[in-house]
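Colleague: here are the coordinates; sequence isn't available:
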């Protein structure tokens, strides 16, 4: 039986410090986060690195030439009352949503992350000298060959052989681009010209060079093997997905998370398709991204040929069979599961028959319509700098400049839900315990991370509370206890730690 | 692919009723007007020095 698909999204945002001669992106990112933490939170609580092992490989070995990600403990790192982590990663502000139990909940937290960045930018800019400005983009590339990620994380059953996960998820990742892509003008792959690829479906396909591996910054793999479950490692894996785009469309984020969670549950239950492996996965990833007419047939490892759409329909059909047998409990229940399936089918059908009808819900199609209109109005070519500017501005989070929010994109959240998600944790995971403790006992928490919290309750030594089970510490478990305890010392006594 | 044929029974095709030509033209006109409005707005908000903005937009690789 599949484990519950607990999920989360981590987004690295693009950052620009305008009119500051010697701009330093690390300092700029720190300003963004500090402005938010100082402006909105009562007290800062730092991240605890005790249990971080990003270099552990799911295949059970560390390749000598594999570069384990470094943990930068000296940079700004905060935990928010909604259970999220907000920090400087390399040279970007990054926000990891709290753990969620379904795709819709997570899409709402993703939108809340955007709002947090917008508020951070606003606060930070109030502190800057006249004429200077910090600008944040929710994108994945600067158009000059530098990429930064939007990673998804899903909880998997530790007993599932990793080789099966790789075999069955890779064709899904390659083909899902057709409804997950955020769109991009041109290509950043070496040797690919604007004439060959004036516009493509995804921001990220250009940057993937391997099928499977541990790296995230060089030689990026389609399936990332980082084995760091942030949970009981005897029971769980966490699949760290680095092959997606940051979407401006909420519907796309929802669909991406919802379909992927279903497919991973199918893999847990050994009901995912085995016969869709692409013969040349890395090449296919790019070819799918470059094929904006969606007509290209790709060679499969078994000798067949299939379009990305056809592969998606195979997964869709398998998902129907899986749901008939298992139901949708592990992806958040019947309502969410049925809704994801319905939207999945209707998006695939529209992509097949009239893709332009998705201009209100799929970033790359919204972009294509806008960019074609802009090109013909101004009589310019795809390689005109104005097109590159449009393509940045689509992702610009400044309300005065951003284009995505002017496109009339379909939303799956409403403002009240987003406002709540900015401040409150999801009630259905351990993020509830983390977020509520931070809100209620900020002076007694020394540090927090995904699977533990460290309290200082006075005379005793510091006390670490482990949270290795992502579905414990929910509102149902601890809400009334937290209401009753005015002090963390009392809480710990009652928890029996 | 056999599996693909199977799903066709279940896929929601009902969203496509008989299409009335005039309606399509009207929708097409509306869409065009909407795009024109959007393009007007975007001409107003587009960075004034697009070339400069694009040139200065350099990020470090991340992740």
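Modeller: Sure thing, it's come through. Just so we're clear, the structure is a prediction, and the values are computed from it rather than from any experiment.
Colleague: for whichever residue of chain B sits closest to chain A, what are phi and psi?
Modeller: Closest approach between chain B and chain A, counting by CB to the nearest CB: residue B:62, at 3.0 Å. The C-beta positions use only the backbone N, C-alpha and C, and glycine is treated the same way. Main-chain torsions, residue B:62, degrees, to the nearest 10: phi -130, psi -150.
Colleague: go on, residue A:184?
Modeller: Dihedral pair for residue A:184: phi -160, psi 140, per degrees, to the nearest 10.
Colleague: can I assume it is in contact with residue A:141?
Modeller: Yes: with contacts counted by CB atoms under 8 Å, residue A:184 reaches residue A:141, the gap being 6.7 Å.
Colleague: any residues in contact with both of those two?
Modeller: By the contact definition CB atoms under 8 Å, 6 or more residues apart in numbering or on different chains, residue A:184 and residue A:141 are jointly contacted by A:203, A:206.
Colleague: and the residue of the stretch 1-150 of chain A nearest chain B?
Modeller: residue A:148 (3.0 Å).
Colleague: thought residue A:234 was touching residue A:158?
Modeller: Yes: counting by CB under 8 Å, residue A:158 is a contact partner of residue A:234 at 6.3 Å.
Colleague: who's more crowded, those two?
Modeller: residue A:158 (16 against 9; other CB atoms under 10 Å in any protein chain shown).
Colleague: residues in the stretch 251-400 of chain A within reach of chain B, list them.
Modeller: A:273, A:304, A:306, A:310, A:313-314, A:316-318, A:320, A:342, A:345-346, A:348-349, A:353, A:369-370, A:373-374, A:377, A:385-386, A:388-390, A:392-393, A:400 (CB under 8 Å from any CB of the partner chain).
Colleague: what about the nearest residue to residue A:246 once chain neighbours are set aside, how many neighbours?
Modeller: Leaving out its chain neighbours, the residue that sits closest to residue A:246 by CB to CB, 6 or more residues apart in numbering or on different chains is residue A:150, at 3.7 Å. Residue A:150 has 27 neighbouring residues, counting by other CB under 10 Å.
Colleague: could I get the contacting residues of residue A:150?
Modeller: A:9, A:10, A:11, A:12, A:140, A:244, A:245, A:246, A:247.
Colleague: of the residues you listed, select the buried ones using a PyMOL command.
Modeller: Selection of the buried residues among the contacts of residue A:150 in PyMOL, burial being defined by 16 or more other CB atoms under 10 Å in any protein chain shown:
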select buried, chain A and resi 9+10+11+12+140+244+245+246+247
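Colleague: could I get the contacts of residue A:150 as CSV with pLDDT?
Modeller: Converted to CSV, those look like this (pLDDT from 0 to 100):
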residue, pLDDT
A:9, 98
A:10, 98
A:11, 98
A:12, 98
A:140, 98
A:244, 97
A:245, 98
A:246, 98
A:247, 98
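Colleague: which helix runs longest in chain B?
Modeller: When chain B is parsed with DSSP state H, its longest helix is helix B:21-45.
Colleague: mean confidence score for the helix or strand just after that helix?
Modeller: Later in the chain than helix B:21-45, the nearest helix or strand by DSSP states H and E is helix B:50-56. In this model, helix B:50-56 has a mean pLDDT of 91.
Colleague: just the residues contacting helix B:50-56, thanks.
Modeller: For helix B:50-56, the external contacting residues (CB under 8 Å, 6+ apart) are A:16, A:18, A:143, A:385, A:386, A:388, A:389, A:392, B:47.
Colleague: where in chain A is pLDDT low?
Modeller: Counting by pLDDT under 70, chain A shows low-confidence ranges at A:42-43, A:59-74, A:497.
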